[in-house]
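Asks: build me a structure from this.
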Amino acid sequence: MRLAWFFLALAIATEVAGLTAMKAASASGSYVGHVVMYVSIALSYVFLAKAVKTISVGVAYAIWEGSGVAIITLVSVFVFGHVLTGREMLGLSMAVAGILLVNAGEHREEEAPATEGAVDERA
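Replies: Below is the predicted model:
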């Protein structure tokens, strides 16, 4: 299970690296930046695919996408000098809250006892 979360973290990191390279490449017109972008984003999907072998697809995708948006926004602010508007800060806060709620729901499902083969007595 921990390995799946490690792969998810790698998926997020490589997505952020790819998007950062995209911004840098678009500013400089460098083909090397474009190659780094394509390779990083492709690796991100490879790592995400490895993560969803254990983590449910909906949870993994929500965390991958939401964390990626939050982190790339921070990179945009601190590396590229973007100034966040109030709406952007609200949206970022909502994304972080959503990630936390989705993650909390995943832990609850993991801890629930398995009911495979159990008979529903209400039927």
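
Asks: give me the three-state assignment for Lys53.
Replies: coil (DSSP: H, G, I helix; E, B strand; the rest coil).

Asks: the residue lying closest to it once chain neighbours are set aside and Gly18, how far apart?
Replies: For Lys53, the nearest residue in space outside its immediate sequence neighbours is Ala4; the separation is 6.7 Å by Cβ to Cβ, 6 or more residues apart in numbering. C-beta: built from backbone N, CA, C; applies to glycine. For Ala4, the distance to Gly18 equals 21 Å [Cβ to Cβ, to the nearest Å].

Asks: ditto for Ile12
Replies: 11 Å.

Asks: what's the answer for Gly58, then?
Replies: 23 Å.

Asks: check Met94 too.
Replies: In terms of Cβ to Cβ, Met94 sits 24 Å off from Gly18.

Asks: on that earlier part again, out of Ile12 and Gly18, which sits in the more crowded spot?
Replies: Between Ile12 and Gly18, counted using other Cβ atoms under 10 Å, Ile12 has the larger neighbour count: 23 against 20.

Asks: OK, contacts around that one?
Replies: Residues in contact with Ile12 (Cβ atoms under 8 Å, 6 or more residues apart in numbering) are Ser44, Ile63, Trp64, Ser67, Gly68, Ile71.

Asks: report the distance from the helix or strand hosting the last one to the chain centre.
Replies: Ile71 is part of helix 57-78, with elements assigned from DSSP states H and E. Between the centre of helix 57-78 and the centre of its chain there are 5 Å (Cα atoms, centre = their mean, to the nearest Å).

Asks: check which helices and strands it is in contact with.
Replies: Helices and strands touching helix 57-78, by 3 or more Cβ pairs under 8 Å, 6 or more residues apart in numbering; DSSP states H and E, are helix 2-28, helix 31-51, helix 86-111.

Asks: those: lowest mean pLDDT?
Replies: Comparing mean pLDDT across the helices and strands packed on helix 57-78, the weakest is helix 86-111, with a mean of 79.

Asks: what residues of that one count as buried?
Replies: By 16 or more other Cβ atoms under 10 Å, the buried positions in helix 86-111 come out as Leu92, Ala95, Ile99, Val102, Glu106.
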